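1. Dropping a prediction and its sequence here:
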Amino acid sequence: KIFNNTKVAKDSAIAVAVFPSMLLWSSQLLKDGMIIFFLAVAMACVVRLHENFDYQAVSTLIVSLFCIISFRFYIFYLVVTAVVGSFIVGAGSTSKAIGNRLAILLIIGIGMTYIGGTGSSTETLGRYADLERLQASREWSAKVSESGFAEDIDVSTTEGMVTILPIGIVYILFAPFPWQMTNFRSLSTLPDMILWWSCIPFLITGLWYTIKHRLRSSIAILTFTVMLTVAYAIFQGNIGTAYRQRTQIQVFFVMFAAVGWTLREEKKENRELSRRHLDRQLTAHKRRITA
């Protein structure tokens, strides 16, 4: 739907289905698998709603948000922000388009109120928004095992958050690194990491193409992945947890990597077609000379 390309869709689906980390966390029946599923459903509904108003898509989106807040409430707020922002950024220029998007926002707002977006979860959000509490939680997770990192950085201060951000992003996106695989359990992630690291060039290409050519239709996914990446980069202090929770954004990164892979394949096909066309021209030219 976003890229109007069936190959990208199929490659994304296959990659998500067979990616080792996806298999690992879903086969253990951890809630991360269900979170990923409802995130994908929510974003699919948003893409559908950007095309036209659909009560079924709206109701499915609200149910997905309810399931997300049941598993991890802070992801719920990030998804809602991404969803609302996508309709604001992608607002149409006609009165009909603006009216449709306003109706969607009103219905989603009512649904959020019903499922607790402004109710009991507000108290929970207040507790987790306490930076000192988050710092204590991060420090504990960093020191509780050998897989902690940057435990000496205080994220309850602006300076600490700025300092940890680039370090955290590197760990969230690329950890564990080969020198950190010191036992069999960590070493078992190596095949997955080799596959993931090999996807990075295609991910960068796909992201650049998306931002340049498909920004409006993909704004919800881009906004959510950026916000969750930054949030985890700041408040995660354990490599194992970061590796597990990366799948929540990796499911969308795989899609962008599929875009990059498809662009590469199309360039190869275009070069091959150009070569064949040139060969035919040369052959025809030689025949004319011979004649």
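-> It's in.

2. Mind giving me the packing neighbours of the one helix or strand Ile289 maps to?
-> For Ile289, the element it lies in under DSSP states H and E is helix 247-290. Applying 3 or more CB pairs under 8 Å, 6 or more residues apart in numbering; DSSP states H and E, we find helix 247-290 packed against helix 6-18, helix 20-27, helix 31-51, helix 190-213, helix 215-235. Using the backbone N, CA and C atoms, a C-beta is placed for each residue, glycine as well.

3. Turn the ones you listed into TSV, columns for mean pLDDT and distance to Ile167.
-> Converted to TSV, the helices and strands packed on helix 247-290 look like this (pLDDT from 0 to 100; distance: least, CB to CB, whole Å):
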stretch	mean pLDDT	distance to Ile167
helix 6-18	91	28
helix 20-27	84	21
helix 31-51	89	23
helix 190-213	91	18
helix 215-235	83	8
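
4. for those helices, which one sits closest to Leu65?
-> Closest of the helices and strands packed on helix 247-290 to Leu65 is helix 31-51, at 6.5 Å (criterion: CB to CB).

5. in the helix or strand just after the closest one, what counts as buried?
-> Heading C-terminal from helix 31-51, the first helix or strand you meet, by DSSP H and E, is helix 55-71. Across helix 55-71, burial judged by 16 or more other CB atoms under 10 Å covers 57-58, 60-69.

6. for stretch 195-213, same thing?
-> So for stretch 195-213, counting by 16+ other CB under 10 Å, buried means 196, 199, 202-203, 205-207, 209-210.

7. what residue ranges in this protein are flagged as low confidence?
-> 89-156, 291 (pLDDT under 70).

8. picking that back up, now render the helices and strands packed on helix 247-290 as JSON lines, adding distance to Glu272.
-> Output for the helices and strands packed on helix 247-290, formatted as JSON lines (distance: least, CB to CB, whole Å):
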{"stretch": "helix 6-18", "distance to Glu272": "16"}
{"stretch": "helix 20-27", "distance to Glu272": "32"}
{"stretch": "helix 31-51", "distance to Glu272": "33"}
{"stretch": "helix 190-213", "distance to Glu272": "19"}
{"stretch": "helix 215-235", "distance to Glu272": "29"}
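
9. hmm, back to that, show me which pair in the buried residues of stretch 195-213 is furthest apart.
-> For the buried residues of stretch 195-213, the farthest-apart pair by CB to CB is Trp196 and Tyr209; their separation is 19.8 Å.
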